[in-house]
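[1] missing the sequence, but the structure's below:
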Ligand code: SAM
């Protein structure tokens with residue numbers, strides 16, 4: 001176990017800074033304050049970071065940490081932090097580590113007793129999910145499906161039985177193909193396609209997969225999040241189980257009424273529902 005307060009000064013700290021997913025006003029005053037205090041800003045793309053910071057009149061030493069050099073870059077930053085430099089990391093948009101580099105960096109910091117703290121901001125899938133109109137209580141974030149069709153199909157099939165709302169990131173040039181793969185693999189379901197979030201052309205398309213596969217791909221430009229309804233077939237499965245249990249109790253000699261009472265309690269299902277279902 002490792003228990004540590006982020007800000008008590010006992011250990012150095014690496015900040016993870018969430019950056020805007022489109023609208024530059026979504027950089028919090030706290031994020032800007034922390035950035036201003038840093039010696040080094042590590043970034044997924046130093047050119048993007050340069051222009052982002054220039055927007056707020058900030059100029060800092062930048063260091064590149066991308067997917068392809070994440071381990072070496074993490075070691076370099078570790079040395080910098082150990083030597084007393086203040087370091088923060090930001091990916092191109094949204095939260096580091098969410099379909100973006102950051103995971104290896106964080107693991108290396110924790111392994112070396114460096115505190116890690118996140119500075120909040122926007123995250124594309126959270127924006128999309130909460131406005132989707134689909135169940136937000138339990139959800140499963142998948143991110144990008146594999147580019148190869150066979151692999152994507154397999155992944156989609158492995159998600160078919162999940163009851164949680166499913167969340168995907170997708171690029172516009174593949175959207176039609178992905179919608180069709182989802183339709184084929186999951187069956188027709190409610191879906192919300194959210195694109196260009198926080199930007200001028202933000203758009204939500206809510207409907208069924210059967211409807212969305214017919215949309216002209218040319219009209220779905222920009223950055224996209226797909227929120228897909230989870231598997232709602234629970235009732236069908238439960239209906240079978242309920243019927244089997246009723247038959248079992250009736251065979252044991254219980255009256256229909258008693259069997260319904262027992263099974264209603266067992267499955268926490270309304271008695272009238274069972275009556276209609278079985279008798
Ligand atoms: N780290 C980011 C986050 O926290 O959301 C995600 C980065 S991932 C490389 C980029 C993908 O996120 C895009 O292809 C798109 O699926 C989604 N995305 C990012 N910005 C978005 C936006 N403004 N509107 C819709 N989707 C967005």
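    Arrived safely. Because the structure is a prediction, the values reported are computed rather than measured.
[2] Give the buried residues for stretch 221-230.
    223, 224, 225, 226, 227, 228, 229, 230 (16 or more other Cβ atoms under 10 Å). To be clear about C-beta, it is placed using only N, CA and C from the backbone, and glycine gets the same treatment.
[3] Okay, now that stretch: how far is its last residue from its first?
    Stretch 221-230 has an end-to-end distance of 25 Å (Cα to Cα, to the nearest Å).
[4] do that stretch and the ligand meet?
    Yes. Under the criterion of Cβ under 6 Å from any ligand atom, the ligand is reached by stretch 221-230 at 223, 224, 225.
[5] Kindly report the residues of the chain close to the ligand.
    Counting by Cβ under 6 Å from any ligand atom, the residues of the chain near the ligand are 21-22, 91, 93-95, 98-100, 123-125, 169-171, 194-199, 223-225.
[6] hang on, the earlier thing: give me the subset of the residues of stretch 221-230 next to the ligand that lies in strands.
    224, 225 (DSSP state E).
[7] now, among the residues of stretch 221-230 next to the ligand, which is nearest to the ligand?
    The closest of the residues of stretch 221-230 next to the ligand to the ligand turns out to be residue 223 (Cβ to the nearest ligand atom; 3.5 Å).
[8] Next, the contact list for that closest one, please.
    The contact partners of residue 223, by Cβ atoms under 8 Å, 6 or more residues apart in numbering, come to 21, 22, 124, 171, 172, 195, 196, 197.
[9] coming back round to it: okay, the buried residues of stretch 221-230 in TSV with pLDDT next?
    Shown next, in TSV, are these (pLDDT from 0 to 100):
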residue	pLDDT
223	97
224	98
225	98
226	98
227	98
228	98
229	98
230	96
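[10] can you redo these as CSV with distance to residue 57?
    Shown next, in CSV, are the buried residues of stretch 221-230 (distance: Cβ to Cβ, whole Å):
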residue, distance to residue 57
223, 26
224, 32
225, 31
226, 37
227, 36
228, 41
229, 44
230, 45
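[11] what's the first-to-last distance across stretch 24-35?
    OK, stretch 24-35 end separation, Cα to Cα: 15 Å.
[12] Tell me the gap between that stretch and the middle of its chain.
    Stretch 24-35 has its C-alpha centroid displaced from the chain centroid by 22 Å (Cα atoms, centre = their mean, to the nearest Å).
[13] What residues sit buried inside that stretch?
    26, 27, 28, 31, 32, 34, 35.
[14] and the two most separated of those?
    Put simply, by Cβ to Cβ the two of the buried residues of stretch 24-35 set farthest apart are 26 and 34, 15.4 Å from each other.
[15] Near the closest residue to residue 31 other than its chain neighbours, how many other residues are there?
    Spatial nearest neighbour of residue 31, chain neighbours left out: residue 119 (4.7 Å); criterion: Cβ to Cβ, 6 or more residues apart in numbering. Using other Cβ atoms under 10 Å, residue 119 has 20 other residues around it.
[16] do residue 162 as well
    For residue 162, using other Cβ under 10 Å, the count is 16.
[17] before we move on, what about the one 10 residues further on?
    Residue neighbour count, defined by other Cβ under 10 Å, stands at 16 for residue 172.
[18] Next, the contact list for residue 46, please.
    Per Cβ under 8 Å, 6+ apart, neighbours of residue 46: 62, 63, 64.
[19] how close does the residue in the stretch 51-200 of the chain that the ligand sits nearest to sit to residue 127?
    Using Cβ to the nearest ligand atom, the single residue of the stretch 51-200 of the chain nearest to the ligand is residue 94, 2.3 Å away. Going from residue 94 to residue 127 by Cβ to Cβ, to the nearest Å gives 9 Å.
[20] quick one: which of the two has more around it?
    residue 94 (24 against 19).
[21] close enough to count as contact, that one and residue 100?
    Yes. Using Cβ atoms under 8 Å, residue 94 is in contact with residue 100, at 7.0 Å.
[22] Output the below-cut-off pLDDT ranges for this structure.
    Along the chain, segments meeting pLDDT under 70 span 234-238.
[23] Sweet, I'm off.
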